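Engineer: A predicted structure for the sequence below; I have some questions about it.
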Amino acid sequence: MTMHEAGTSLADIRESIERTYGPYYTTQTPTPPVP
Amino acid sequence: MTSKNSRKAAKRQATGRKASHKPTGLILGMVAAAAAIAVWTTAAPGEAPWTTTKTKTRAETSPATTVSTQAQVAQAARAQLRTASHDQARGQVATLASTDLPPLPMVQFQTPRPPEVIRSVYAFAANHPEVLSYVPCFCGCENFGHGDNHDCFVANRDAEGRVTWEAHGMG
């Protein structure tokens, strides 16, 4: 929400979230890639 | 004298036993007939009574089956929508102010963030499915059928875009 309101692109939001949380969790939702 | 009396008593006993069998059979027959009539009359018009009875019994005795069927249908619909356009899968999106959104789900635990933060996040999820639909969740909720972070907050949208909350996002 904060990133979106700051004008960050959807691809950057996705990339940032995966970089932040991905290494710590073994699974994630089967979310499709950003178009 | 004694043997005559005992013979009479034995005869009476035998007759009594015989007579007592008849009403029991009649009562059982009447009960069976009443049950059959009851089943027949509770059936919907134009429907076979055994079908109605079977359906009612399944629905009444095993709500878990109904819930599981609903969950399977919802999951299949979600999967189908996901393979189509992911944006369109969210349906109509009505941009609503926090005050126009339904009250947040009630939960039995202390939420990890203040209520105003949670309310604004839920409002964001309601108004921006085009963002959260492409954000993954890492909490393991894919096991509940969640496909993205949007599913953690919004369970459903109706035709007018009104949302039904998913309590998962509260904690």
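Structural biologist: Sure thing, it's come through. Residues are numbered from 1 along each chain as shown, chains lettered A, B, ... in the order given.
Engineer: quick check: buried residues in stretch B:111-129?
Structural biologist: Going by neighbour count (16 or more other Cβ atoms under 10 Å in any protein chain shown), the buried part of stretch B:111-129 is B:118-119, B:121-129. The C-beta positions use only the backbone N, C-alpha and C, and glycine is treated the same way.
Engineer: show me which positions of stretch A:12-27 end up buried.
Structural biologist: Residues of stretch A:12-27 classed as buried: A:13-14, A:17 (neighbour count, 16+ other Cβ under 10 Å).
Engineer: mind giving me the packing neighbours of the longest helix anywhere in chain A?
Structural biologist: As assigned by DSSP state H, the longest helix anywhere in chain A is helix A:10-21. Secondary-structure packing of helix A:10-21 (3 or more Cβ pairs under 8 Å, 6 or more residues apart in numbering or on different chains; DSSP states H and E): helix A:2-5, helix B:129-132.
Engineer: quick one: residue B:155 is in a strand?
Structural biologist: Yes. Residue state for residue B:155 (DSSP: H, G, I helix; E, B strand; the rest coil) corresponds to a strand.
Engineer: what is the burial count for the nearest residue to it once chain neighbours are set aside?
Structural biologist: Among residues not flanking residue B:155 along the chain, residue B:166 sits closest, at 4.1 Å (Cβ to Cβ, 6 or more residues apart in numbering or on different chains). Close neighbours of residue B:166, defined as other Cβ atoms under 10 Å in any protein chain shown, add up to 20.
Engineer: ok, now which ones touch residue B:166?
Structural biologist: Neighbour list for residue B:166: B:105, B:151-155 [criterion: Cβ atoms under 8 Å, 6 or more residues apart in numbering or on different chains].
Engineer: how about the residues of chain B near chain A?
Structural biologist: B:82, B:86, B:120-121, B:124, B:128, B:130-131, B:133-142, B:146-149, B:151 (Cβ under 8 Å from any Cβ of the partner chain).
Engineer: let's have the helices and strands packed on helix A:10-21 in TSV, adding distance to residue B:28 and mean pLDDT.
Structural biologist: Putting those into TSV (distance: least, Cβ to Cβ, whole Å; pLDDT from 0 to 100) gives the following:
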stretch	distance to residue B:28	mean pLDDT
helix A:2-5	74	93
helix B:129-132	64	94
